[in-house]
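> Let's see this in three dimensions:
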Amino acid sequence: MPEKKFSGGFFSTKELAICALFGALMFFLVFALGSEVIALTGIPFSGGITAMMVAFVVITIGKDIMPRFGSAPLILIIAATLAIPTSSWGPPGLYKVPLLFMIGLSYDITYHLVKHSKWRAIIAGGLTGLVAMPLDYTFLVTLGLPGADKLAPLVTMFTILYAIFGLMGSYLGDWLYEKKIKNRAFVKHLRN
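Next up, the predicted model:
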């Protein structure tokens with residue numbers, strides 16, 4: 001019997017569960033890695049430098065398992081919802097949901113625009129890393145959130161680092177998926 005679609009038919013229940021799993025995994029890893037750095041430096045998004053590569057590994061594997069358009073924003077919406085009361089992705093607040101939705105959408109759009117390239121995940125990771133920091137900073141400044149003044153002189157450097165770690169994380173995630181994960185029975189079951 002075919003899987004029933006949920007909420008208007010865009011994603012099935014299984015697809016929503018996969019996105020929720022990867023969103024929760026991403027939140028947990030980013031929170032665990034990034035919180036320590038933010039506590040030490042006091043600079044918002046500095047924890048993102050350490051967590052960026054891991055976050056892109058997770059989103060790339062999640063996107064490879066469920067390559068439908070919209071899965072990356074959904075994964076990041078789940079992560080953002082869990083991150084609302086934490087310092088992950090900036091000071092606590094609801095703004096994280098639209099922020100991470102836009103970051104996920106940039107990954108998804110790039111991923112699907114270059115769908116015939118074997119490098120599509122890596123390209124998507126690098127370009128999304130390039131967009132993430134200016135978008136994060138814009139949210140901080142526009143909403144008058146704390147830490148924007150500390151972050152201002154570092155935006156250019158963080159943008160470059162986010163792009164590099166986005167490339168590296170997506171490359172590693174794609175490699176892990178292709179070489180270690182793709183042929184596992186549970187992954188084949190998830191993809192069918």
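> Any buried residues in the lengthiest helix in the chain, and which?
Across the chain, the longest stretch assigned as helix under DSSP state H is helix 13-41. For helix 13-41, a neighbour-count test (16 or more other C-beta atoms under 10 Å) marks 15-16, 18-20, 22-27, 29-31, 33-35, 37-38 as buried. Quick note: C-beta positions are derived from backbone N, CA and C, even for glycine.
> What of stretch 124-143?
Judged by neighbour count using 16+ other C-beta under 10 Å, the buried positions of stretch 124-143 are 124-133, 135-137, 139-140.
> now for these, which pair is the farthest apart?
Based on C-beta to C-beta, the longest span within these runs between Ala124 and Leu140 and measures 24.2 Å.
> contacting residues for the residue nearest to Leu21 when sequence neighbours are not counted?
Spatial nearest neighbour of Leu21, excluding adjacent residues (C-beta to C-beta, 6 or more residues apart in numbering): Gly62 at 8.0 Å. Counting by C-beta atoms under 8 Å, 6 or more residues apart in numbering, Gly62 touches 18-19, 21-22, 26, 71-72, 75.
> Can you tell me, leaving aside adjacent residues, what's nearest to Met53?
Gly169 (3.9 Å).
> Contacts only, for that neighbour.
Gly169 makes contact with 52-57, 60, 125, according to C-beta under 8 Å, 6+ apart.
> Run through the strands of the chain in chain order.
For the chain, the strands defined by DSSP state E cover 5-6, 11-12.
> Could you tell me the least trusted of the ones you listed?
Across those, strand 5-6 has the smallest mean pLDDT, namely a mean of 47.
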